[in-house]
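Novice: Need coordinates for the following:
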Amino acid sequence: MVATSPSKASGPLLEICVDDVAGLNAAIDGGADRIELCSALGAGGLTPSRGFMALASKAPIPVHALIRPRAGDFTYSDTEIAVMKADIAAAREAGLAGVVIGATTATATLDAEVTRRLVRAADGLDLTLHRAIDVVVDMDAALDLAIELGFSRILTSGGARHAEEGIETLARLAGRSAGRISIMPGGGVRPQNAARLLAVPGIRELHASCSEARASEPRLADLGFSTETTRRTDADTVRVLKALMLDGST
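Specialist: Have a look, this model is predicted:
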């Protein structure tokens with residue numbers, strides 16, 4: 001099952017990133033169109049476990065696995081690249097629709113050689129270039145390379161902390177893409193700013209966590225098993241965001 005980029009006729013598409021089973025269920029219940037499957041969203045998202053991939057493969061909507069072996073930068077050793085290729089194989093074996101990948105060089109460019117190796121490992125899966133693009137010095141060149149390598153979309157905040165702050169860059173990238181690849185804003189996307197992001201010509205997908213802060217059980221926090229507050233995907237927030245997206249497309 002391979003997801004396709006949205007068209008104007010099909011309406012805007014909402015991707016929700018989740019890092020646990022409750023979040024997966026909440027995203028589906030709220031009406032998400034696609035899932036980005038992760039672990040450790042508090043660290044920007046890491047590769048989900050094989051068991052989580054296997055469970056998510058039964059979802060009624062496409063699921064893409066984030067392939068990121070550790071927190072921090074996106075410049076990887078040969079050993080880390082081998083781990084990512086094995087994780088891509090695990091996503092395929094689980095029956096997921098796609099993977100979310102990317103790598104950069106030490107000089108802050110999209111790493112063509114490593115990213116090409118990951119793309120080859122993911123042959124037949126839908127491809128999203130993740131927010132590694134937000135740390136490169138030339139986002140236009142990275143976009144051109146992503147198109148050359150066959151990515152369906154680029155997840156980006158426009159190089160800013162939050163997508164709304166990077167909206168001018170998002171607009172430039174969407175214009176440069178000329179329909180050849182989807183630019184999907186992510187980072188701080190909420191119901192309150194969805195309309196502004198979707199008003200950018202060419203943007204037809206949004207990426208959000210739709211999470212709400214919740215207090216942890218004090219004993220778990222005291223023992224170091226949890227932070228004092230955690231964020232959990234909220235089905236009602238997903239539902240509201242999706243409804244706003246649909247209303248704005250009519």
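
Novice: List the contacts of the closest residue to residue 38 other than its chain neighbours.
Specialist: Leaving aside its sequence neighbours, residue 38 sits nearest to residue 45 (Cβ to Cβ, 6 or more residues apart in numbering; 3.9 Å). All C-beta spots, glycine's among them, are computed from the backbone N, C-alpha and C. Contacts for residue 45 (Cβ atoms under 8 Å, 6 or more residues apart in numbering) come out as 17, 19, 36, 38, 39, 66, 68.

Novice: Near the fourth one, how many other residues are there?
Specialist: Other residues within reach of residue 38, judged by other Cβ atoms under 10 Å, total 25.

Novice: what does the second one give?
Specialist: Neighbours of residue 19 under the rule other Cβ under 10 Å: 25.

Novice: right, and it touches residue 48 too?
Specialist: Yes. Look at residue 19 against residue 48 with Cβ atoms under 8 Å: they come within range, at 7.3 Å.

Novice: Identify the contacts common to these two.
Specialist: The contact sets of residue 19 and residue 48 overlap at 38, 39 (Cβ under 8 Å, 6+ apart).

Novice: returning to what we had before: quick one, phi psi at the residue nearest to residue 38?
Specialist: Main-chain dihedrals, residue 45, degrees, to the nearest 10: phi 100, psi 130.

Novice: Give me the distance between it and residue 23.
Specialist: To residue 23, residue 45 is 12 Å away according to Cβ to Cβ, to the nearest Å.

Novice: now swap in residue 60 and tell me
Specialist: Separation of residue 60 from residue 23 (Cβ to Cβ): 16 Å.

Novice: So the two - more neighbours on which side?
Specialist: Neighbours per residue (other Cβ under 10 Å) separate residue 60 from residue 23, with residue 23 holding more: 25 against 6.

Novice: Let me know the pLDDT of the spatially closest residue to that one that is not a sequence neighbour.
Specialist: Nearest non-adjacent residue to residue 23, counting by Cβ to Cβ, 6+ apart: residue 233, 3.6 Å away. Looking at residue 233, its pLDDT stands at 94.
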